[in-house]
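Colleague: With the sequence up front, the predicted model follows.
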Amino acid sequence: MEWILLGLVLLVVIIWYVIYAGIIRSRNGALEALGSIDVQLRKRHDLIPNILKMVQKYMDHEKELLGRITALRARVTSDYDRKNPEQVQDHLQAEGELQVAMGSLFNAVSENYPELRSSENMKRAQETFEEVEGHIAAARRYYNSSVTQLKNSVQIWPGSAIARQIGIQEMPYFEETDEAVRAPIDANQHLK
């Protein structure tokens, strides 16, 4: 009888550990994916000052937009706790706002500044920005897939009970809420 009881206890401990390890792997996968997004977003952030310098001399009446982009860039380049879902959500929302603002900038350039639009430096900057946006989209898909796996791990019982015990929380999706953000930036449209 003791051996059966000991065997049952051992079985419960093994099952608990397997579920625990799965939750930790899911969380670490989501954090790794978030790190991949951060790498791509840093590339975007590094491009922005060069683009702003290029267009600033042409865009006197677009100063509000340039100021907003500068403020958003400062906001998204500040540190945040990657394990805190609320801070991650705020960071990802600010990134979406920055993407919309950059789209507005490229639209303003294409509509109002033909001499700037035809500049080789501006063409290269827009092409590079579009390439980085493509990398961000790929990283976003990977991150959201990892977040789905984490959500499944911490929402389905008994994983939900174990996740509560060890303090693992769900991470937010990197979602686009604005229709302007959902459409990819097409540099060719702006380079006519």
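Modeller: Received, thanks.
Colleague: Give me the below-cutoff pLDDT ranges for the protein.
Modeller: 60-61, 177-192 (pLDDT under 70).
Colleague: As a check, name the ranges of all helices in it.
Modeller: With DSSP state H, the ranges of helices along the chain come out as 2-56, 63-77, 85-112, 114-117, 120-155, 159-166, 179-182, 187-190.
Colleague: The fifth one vs helix 159-166, what angle?
Modeller: Following axes from the mean of the first three to the mean of the last three CA atoms, to 10 degrees, one obtains 100 degrees for the angle between helix 120-155 and helix 159-166.
Colleague: which ones are touching Glu32?
Modeller: Contacts here follow CB atoms under 8 Å, 6 or more residues apart in numbering; on that basis Glu32 touches Ser146. Backbone N, C-alpha and C define where each C-beta goes, glycine included.
Colleague: cutoff 10 Å now
Modeller: Contact analysis of Glu32 by CB atoms under 10 Å, 6 or more residues apart in numbering lists 142-143, 146.
Colleague: Next: Ser146.
Modeller: 26-34, 36, 171.
Colleague: what about it, distance to Leu10?
Modeller: According to CB to CB, to the nearest Å, Ser146 stands 32 Å off from Leu10.
Colleague: just checking, Ile168 touches Gly159?
Modeller: Yes - using CB atoms under 10 Å, Ile168 makes contact with Gly159 at a distance of 9.1 Å.
Colleague: Mutual contacts of these two, please.
Modeller: With CB under 10 Å, 6+ apart as the test, Ile168 and Gly159 both reach 20, 23, 26, 150, 153.
Colleague: Give me the buried subset of these.
Modeller: 20, 23, 26, 150, 153 (16 or more other CB atoms under 10 Å).
Colleague: what two of the residues you listed have the greatest distance between them?
Modeller: For those, with distances taken as CB to CB, the pair at the greatest spread is Tyr20 and Leu150 (13.7 Å).
Colleague: what is in contact with those two at once?
Modeller: In contact with both Tyr20 and Leu150: 159, 163, 168, using CB under 10 Å, 6+ apart.
Colleague: Quickly name whichever of the residues you listed is closest to Glu130.
Modeller: Of all these, Glu130 sits closest to Ile168, with 36.8 Å by CB to CB.
Colleague: residue contacts, that closest one?
Modeller: 20, 23-24, 26-27, 83, 150, 153-154, 159-160, 162.
Colleague: now with 7 Å?
Modeller: With contact set as CB atoms under 7 Å, 6 or more residues apart in numbering, Ile168 has these partners: 23, 27, 154.
Colleague: With Gly159 instead?
Modeller: 19, 23, 153.
Colleague: Relative to Ala30, how far out is the last one?
Modeller: If I follow you right, that is Ser153. 10 Å.
Colleague: try the first one
Modeller: Distance check for Ile19 against Ala30: by CB to CB, it reads 17 Å.
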